[in-house]
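Enquirer: can't give you the sequence, but here's the structure:
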């Protein structure tokens with residue numbers, strides 16, 4: 001891989017607050033420091049890196065704080081809470097990157113860009129919420145929250161019930177030019193936190209925030225295309241993508257063409273609640289850019305970008 005390769009790396013909010021954790025500061029800092037070690041190695045090797053991240057657990061906790069304090073402090077809408085999570089997690093990731101680079105004797109500037117993402121107000125997602133946020137609850141606790149607060153909950157991957165909110169598809173990244181300019185100047189950029197702040201064009205053409213959380217993999221794919229990234233890396237909990245997962249004939253894949261990935265997706269190998277969004281995002285990026293996507297784990301990135309599942313044109 002040549003030097004000065006521009007890489008977009010998307011990590012999930014569940015890598016920052018792991019399942020069964022409360023989301024304390026100490027927990028998040030430790031998870032970020034461990035998880036970013038391989039990414040810092042990529043930066044230290046001379047690559048230009050843009051980091052994106054999810055915020056599902058964190059923005060859910062912020063909303064719980066808002067609900068608990070609403071009789072004392074005016075509540076903030078979901079887009080503002082998302083912006084708050086961008087600042088919170090951006091700070092922790094930025095600090096961890098700076099410390100990791102310093103330990104390796106590398107001088108690179110690291111910046112966090114508060115990022116707006118354009119969505120379509122007519123997106124059907126606003127009528128059919130699907131994006132899980134916040135902590136996992138029992139069925140009973142979810143029913144109580146629904147009755148008291150009017151939230152919508154759904155079972156999430158057999159691990160419990162989580163609040164679901166609209167997740168419209170991203171159309172364009174408002175700050176794309178600034179992000180590309182910074183990244184190609186050698187700055188490490190943290191952007192599209194939590195999928196970005198969802199905005200629409202109002203009647204006068206001004207930007208207006210909307211109540212939603214954008215999927216960070218889809219936002220990362222749009223960002224990677226718009227800043228002309230060479231590689232999109234989508235981080236997940238496994239080293240490689242598999243078909244027939246959980247069955248005796250499971251097969252882990254080193255490589256897929258876009259056509260193969262689309263075929264497996266259409267055959268139902270990648271469910272919506274697990275690998276589906278990553279495959280769809282990777283396919284969209286590779287098709288639009290003609291470049292390469294990689295789906296792998298944070299642990300695998302420790303060894304560079306030679307492992308995982310590569311998706312090619």
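Expert: Happy to help now that I have it. Since we're looking at a predicted model, the values are computed, not measured.
Enquirer: strands of the stretch 101-250 of the chain, residue ranges please.
Expert: Taking DSSP state E, counting those that start in this stretch as the criterion, the stretch 101-250 of the chain carries its strands at 110-112, 116-118, 131-137, 153-155, 161-165, 172-173, 188-190, 197-201, 207-209, 231-236, 241-243.
Enquirer: now find how far off-centre the fifth one is within its chain.
Expert: On the basis of C-alpha atoms, centre = their mean, to the nearest Å, the separation between the geometric centre of strand 161-165 and that of its chain is 17 Å.
Enquirer: check which helices and strands that strand is in contact with.
Expert: helix 56-69, strand 131-137, helix 139-149, strand 153-155 (3 or more C-beta pairs under 8 Å, 6 or more residues apart in numbering; DSSP states H and E). Every residue, glycine included, has its C-beta placed from N, CA and C.
Enquirer: how does it look with 6 Å?
Expert: Secondary-structure packing of strand 161-165 (3 or more C-beta pairs under 6 Å, 6 or more residues apart in numbering; DSSP states H and E): strand 131-137, strand 153-155.
Enquirer: distance to residue 43 added to the strands of the stretch 101-250 of the chain, as TSV?
Expert: Compiled in TSV, those are given as follows (distance: least, C-beta to C-beta, whole Å):
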stretch	distance to residue 43
strand 110-112	9
strand 116-118	24
strand 131-137	29
strand 153-155	37
strand 161-165	33
strand 172-173	21
strand 188-190	6
strand 197-201	25
strand 207-209	31
strand 231-236	13
strand 241-243	25
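Enquirer: quick check: buried residues in the longest helix that the chain contains?
Expert: Looking only at the chain and at elements set by DSSP state H, the helix with the highest residue count is helix 78-103. For helix 78-103, the buried set under the neighbour-count rule, 16 or more other C-beta atoms under 10 Å, comprises 78-79, 81-86, 88-90, 92-94, 96-98, 100-101.
Enquirer: state the number of residues packed around the residue lying closest to residue 161 once chain neighbours are set aside.
Expert: Distance criterion C-beta to C-beta, 6 or more residues apart in numbering; nearest residue to residue 161, sequence neighbours excluded, is residue 142 at 3.7 Å. Look at residue 142: counted by other C-beta atoms under 10 Å, it has 20 neighbours.
Enquirer: got it, and the one 3 residues further on?
Expert: The number of residues packed around residue 145, counting by other C-beta under 10 Å, is 19.
Enquirer: just residue 311 next, same as before
Expert: Look at residue 311: counted by other C-beta under 10 Å, it has 28 neighbours.
Enquirer: ok, the helix or strand hosting it: who's next to it in the sheet?
Expert: In the assignment (DSSP states H and E), residue 311 maps to strand 309-312. Strands that pair with strand 309-312, judged by DSSP bridges, come out as strand 255-257 (parallel), strand 292-297 (antiparallel).
Enquirer: neighbouring strands for the least confident helix or strand in the chain by mean pLDDT, and are they parallel or not?
Expert: Sorting the helices and strands of the chain by mean pLDDT, DSSP states H and E puts strand 131-137 at the bottom, at a mean of 80. Taking DSSP bridges as the criterion, strand 131-137 forms sheet pairs with strand 161-165 (antiparallel).
Enquirer: next, the angle helix 78-103 makes with the partner strand.
Expert: Using axes from the mean of the first three to the mean of the last three C-alpha atoms, to 10 degrees, one finds that strand 161-165 and helix 78-103 are set 110 degrees apart in direction.
Enquirer: what's strand 161-165 in contact with?
Expert: When contacts are defined by C-beta atoms under 6 Å, 6 or more residues apart in numbering, strand 161-165 is touched by residues 129-134, 136-137, 139, 142, 151-156, 213.
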